[in-house]
Every structure is written in structure tokens, then in C-alpha cells.
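In: sequence unknown, structure follows:
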């Protein structure tokens, strides 16, 4: 096992931030911003029980591994048929929860055989919606990969995969990145930049679901970075912590897609990772131990507020978030 896997994420993001030309961290703003964060809201994160298949032991493990295998598509979500009052993520999570409640978890063999047509039915989407049909094809590929990986390496057992991590979130990340859609690494000039967003959030989701016990026990959880997507950077931009050069800002504001793996997209994600690392360090100097993972939940929930939803965030069609 590479015990420096998550340190590599931090180091690469720091290098990107130092080289960046499209996105910049407002370093002077960090101390005052850290001081205003509502840390009283940092209670133990909870999953919404209406949207997540909780309290079912091994089947809940299967649920979160299945959900996080397809926990992407934000660049497609403007086209998604959403449930009333729900975001794209909660629409997908709720649909999967309903499936599990009715039929139980998919077996590894079933996952390995799922098709885009199956995904269209499970998530109640329109097959004539071209962007969403493309997303459902990607969902099917991701679920096929998970099923085959479980069969080839863990005798088809979701729980065995988690147990093999031996209570290490970093080890679970490494195991999951054996699957292509979890291997979240971008090129930036001569630099390879790992983010591992969905692999990291899988460990966090299990920790929350099992309250740090059993399959949710990870002794190194504080090593996780933020889960670099398009919402936390958006919150940081709106709050003045991240600053985008004019052309990028205008493209985002006009809801143009930002290409996956482009310099702009890598800089947005990397600068968000580093900014939250620095906020965590600032808080530690103030005697408040708040790891980046917990700040991610705080900022992500802030992004659900109308003020943040009223402004476009960057959209990228990618399997990584």
C-alpha cells in the first residue's frame, strides 16, 4: 500500500495552485473567512434517511458502494428529470434507495450485467434525452466495473472489499481506484494531479452510515481531503476565497461547459482542495481541530442555500463528480 496516497493529492494540488493562471486563492482573506465559519453547525454529519438505504447492515454497505460508483454526473444534471424539490444527487440516491427497498441489493453478477436501459428504468429517465442517455450509459459501465471487480477480487462480496481496507480510509481509496471511473487523476502540463473524489467520499459515506463502527470504522479518516467537485469551489468563489479570471468567470456565468481535464477545470478543483487545507490549518492555529473533510460538509451544505443556487457553478461532464 502507498501510505502517501492522500499526501500526493495535497502536494499536486499545491503545485497546481502555484502555477495556476485561471484560478487564484485569495490568501489574505483566509484568516477572516475561517473566523466567520459557523463551526457550531459541525455536528456529526447525517445521511438523509429518506434518500439513503440506512440500517440494513451488509445491504447498507452494498448500497453505498453502489451509489458511490455512480456518484457523478453534475455536468449532466441540468438535463436530468429530477424528483420534486430534489437535486440531481438526491434524485439518484432516492431512486436507488427505492430500488433497494423493493428488490434488495444488486448482486455482483447483476451489476456486471446491467445495461443503460436498466439504468433508465431504475432512475426513471427519458431514453430520448440524449445527454441523460449518455449518462445512463456511463452509469452502466461504472456498475459493470464494480460488479466485475467484486467478482474478480472479493468473491462478489461488498463487505469483503471494505474489510480488506483494514479500517484505513486511504487503503479503501487505493482499492477503489483499481476501477477506472474511481481513478480520478488529471494531467496538468507535465504533472499528474490525483483528486480521488468519489473514492474518498465512499469512506466518508460509510463512516457516517455506520457511525464510525464496523464497516464504517476508519482510523485515518482525518487524512481525507475535501471531495473536489463543482459545489465547494462555487461556494468558495461566491464567498471571495477563490477568484477566477474574467474569461473563465464569464463562461461559467453563461453556463458553458468547462471541458473535463482542461487547465481551468483542474485549477478550480485543485485550488479548492488547497484553500480548504489552508482553512483547516488556520482553524488549528486557533485551537479548533476541524479536518478538511468536515469543512467540506459545512461548505457543501452552505451551497444548498438559495443565494448560492441562484448563481451558476461550473459544469463539467465527467465520471469523477
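Out: In hand now; what should we look at? Fair warning: this is a prediction, and the values are worked out from it, not measured in the lab.

In: Contacts only, for residue 238.
Out: Shown in contact with residue 238 (CB atoms under 8 Å, 6 or more residues apart in numbering): 307, 308, 311. Where you see a C-beta, it was placed from the backbone N, CA and C, and this is true even at glycine.

In: in the stretch 1-150 of the chain, what spans have low per-residue confidence?
Out: Confidence mapping of the stretch 1-150 of the chain against pLDDT under 70 gives the ranges 1-3.

In: If you count neighbours, what's buried in stretch 47-61?
Out: Across stretch 47-61, burial judged by 16 or more other CB atoms under 10 Å covers 51, 52, 53, 54, 60, 61.

In: ok, now how distant is the last one from residue 215?
Out: The reference is to residue 61. 5 Å (CB to CB, to the nearest Å).

In: and what of the first one?
Out: When distance is defined by CB to CB, residue 51 is 20 Å away from residue 215.

In: Repeat that for the fifth one.
Out: Applying CB to CB, one obtains 8 Å for the distance of residue 60 from residue 215.

In: same deal with the fourth one?
Out: Applying CB to CB, one obtains 13 Å for the distance of residue 54 from residue 215.

In: same check, this time on the second one
Out: Here the criterion is CB to CB. By it, residue 52 lies 15 Å from residue 215.

In: shared neighbours of residue 61 and residue 215, anything?
Out: Joint contacts of residue 61 and residue 215 (CB under 8 Å, 6+ apart) are 159, 162, 206.

In: The residue lying closest to residue 201 once chain neighbours are set aside: neighbour count?
Out: Closest residue in space to residue 201, ignoring its immediate chain neighbours: residue 227 at 4.5 Å, by CB to CB, 6 or more residues apart in numbering. For residue 227, the count of nearby residues is 26 (other CB atoms under 10 Å).

In: cool, residue 78 as well?
Out: Residue 78 is flanked by 12 other residues according to other CB under 10 Å.

In: Tell me which residues touch the closest residue to it other than its chain neighbours, please.
Out: Excluding its sequence neighbours, the residue lying closest to residue 78 (CB to CB, 6+ apart) is residue 315, at 7.1 Å. Applying CB under 8 Å, 6+ apart to residue 315 gives the contacts 74, 75, 78, 230, 252, 255, 257, 258.

In: Over to residue 60?
Out: Taking CB under 8 Å, 6+ apart, one finds 53, 54, 209, 210 in contact with residue 60.

In: Repeat the analysis, applying 10 Å as the threshold.
Out: Listed by CB atoms under 10 Å, 6 or more residues apart in numbering, the contact set of residue 60 reads 47, 52-54, 100, 105, 158, 205-206, 209-210, 215-216.

In: same thing with residue 202?
Out: Counting by CB under 10 Å, 6+ apart, residue 202 makes contact with 64-65, 67-69, 71, 162, 169, 172-173, 175-176, 182, 196, 227.

In: One more: residue 122?
Out: 70, 92, 95, 96, 98, 99, 103, 106, 114, 136, 139, 143.

In: Can you list which of these are found in helices?
Out: Judged by DSSP state H, helices contain the following of these: 92, 95, 96, 98, 99, 103, 136, 139, 143.

In: doesn't residue 86 make contact with the first one?
Out: Yes: at 9.2 Å, residue 92 counts as touching residue 86 under the criterion of CB atoms under 10 Å.

In: How about residue 244, nearest residue that isn't a chain neighbour?
Out: Closest to residue 244 by CB to CB, 6+ apart is residue 23, at 5.6 Å.

In: so what sits against both of residue 60 and residue 215?
Out: 158, 206, 209.

In: what are the ranges of the strands in this protein?
Out: 23-25, 185-188, 191-194, 242-244 (DSSP state E).
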